[in-house]
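> Provided below are the primary sequence and the corresponding predicted coordinates.
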Amino acid sequence: MPGINILIYDIDIRHAAGLRENLSELGYYVQDVVDNAGEAVAAFYASEPDLVILNIDVKDKYNAFEIAKKITEDKINSKPFIFISDDKNDSTFESAKKYKPCAYFIKPFDKYLIKYAIELACAGLNVQKTVQEKTIDGGIFNSDNLFIRKTKKIVKVPLSEIQYIEVESKYSTLFTNMGKFLIRLSLAELMEKLPQNTFIKVHRNYIVNMNYIVEFDYDECTVHLKTGSVPMGRTFKSTISEQLPMLS
């Protein structure tokens, strides 16, 4: 199947190089090979692969499991993944099953076995991509409202109902009086769309609606809202003080 992009996590550099070569020979494009769990999650969001291959090394298996957990918890961007391992212990396999991989291989394995697993896992990939292009996962803004897709509905969320926004990579969670909503927009993209006289960035991961702020606690580096609190970045203190006179 052409057009499948793959991310590999493997702390065994020699094995990773061989796997990359085999996948390339089979016609797949390997976007990245990483040997660090944190970098693997970052690469997952940066390169948006179609499938992830995670090597469960005995010394590092819990990192592989942690990566699997993070990419499966993200319901919008979740992608199929395959575990490969040199550990024949049944307990490792039982642990791996909990994360629901689309395949599990013990090394060494025939490269065509992984080819078939990839093809089956990505069988509906082209259809899914077409559907995703027609969605409004990033929301549609007008001057007063944000229209967000939620399951099979499109919900109108007045901007005045948004209390604060938590941003993680390319995704943002909106905490509103109507509940929580997830959209696919980065912090920079949101700041371009939101009214600058109402919403203020108080942390590299948080934007708050000025109308819900009760106080700025500079000692605790916290912004207290009517319904809770969010962290305030130390580097944002001076910026916030400069912005306040311009906000109304």
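Yep, it's here. Numbering: from 1, shown residues only.
> right, and the helix or strand after the one helix or strand in the chain whose mean pLDDT sits lowest?
In the chain, no helix or strand scores lower on mean pLDDT, DSSP states H and E than helix 125-133, which sits at a mean of 41. Next helix or strand after helix 125-133 toward the C-terminus (DSSP states H and E): strand 140-141.
> sheet-wise, list the partners of that next one with their directions.
strand 145-150 (antiparallel) (DSSP bridges).
> and the strand it pairs with, what's buried?
N145, L146, I148, R149 (16 or more other Cβ atoms under 10 Å). Where C-beta positions appear, they are placed from N, C-alpha and C, glycine not excepted.
> so for stretch 86-103, mean pLDDT?
Averaged across stretch 86-103, the pLDDT comes to 89.
> now, which of the buried residues of strand 145-150 sits nearest T227?
L146 (19.1 Å; Cβ to Cβ).
> host element of E66?
helix 61-73.
> who does whatever helix or strand comes next after that helix pair with, and is each partner parallel or antiparallel?
Per DSSP H and E, the first helix or strand lying C-terminal to helix 61-73 is strand 81-85. Strands adjacent to strand 81-85 in the sheet, as given by DSSP bridges, are strand 51-56 (parallel), strand 103-106 (parallel).
> now stretch 13-20, how far from the chain's geometric center?
Distance, stretch centre to chain centre, for stretch 13-20: 26 Å (Cα atoms, centre = their mean, to the nearest Å).
> any buried residues in that stretch, and which?
H15, A16, L19, R20.
> what bridges to the nearest residue to the last one once chain neighbours are set aside?
I take that to be R20. Closest residue in space to R20, ignoring its immediate chain neighbours: V30 at 4.8 Å, by Cβ to Cβ, 6 or more residues apart in numbering. Note on V30: beta-bridge partners I6, judged by DSSP bridges.
> number of nearby residues for V30?
V30 has 18 neighbouring residues, counting by other Cβ atoms under 10 Å.
> F81 now?
Count around F81 with other Cβ under 10 Å applied: 25.
> V157 now?
Residues within reach of V157, counting by other Cβ under 10 Å, total 20.
> so it, which state does it fall into?
strand (DSSP: H, G, I helix; E, B strand; the rest coil).
> pretty sure it sits against I148.
Yes - taking Cβ atoms under 8 Å as the definition, V157 is a contact partner of I148 at 5.8 Å.
> can you check which residues contact both of those two?
L174, F181 (Cβ atoms under 8 Å, 6 or more residues apart in numbering).
> low-confidence stretches in the protein?
Applying pLDDT under 70 to the chain flags residues 1-3, 58, 61, 75-76, 124-138, 150-153, 241-248.
> repeat the analysis, applying 80 as the threshold.
By pLDDT under 80, the low-scoring segments of the chain are 1-3, 46-48, 58-62, 74-78, 123-140, 142-143, 149-154, 169-170, 237-248.
> wait, a helix at I11?
No - checked against three-state DSSP, I11 lies outside a helix; its state is coil.
> on that earlier part again, nearest to Y171, of the strands paired with strand 81-85?
strand 51-56 (17.4 Å).
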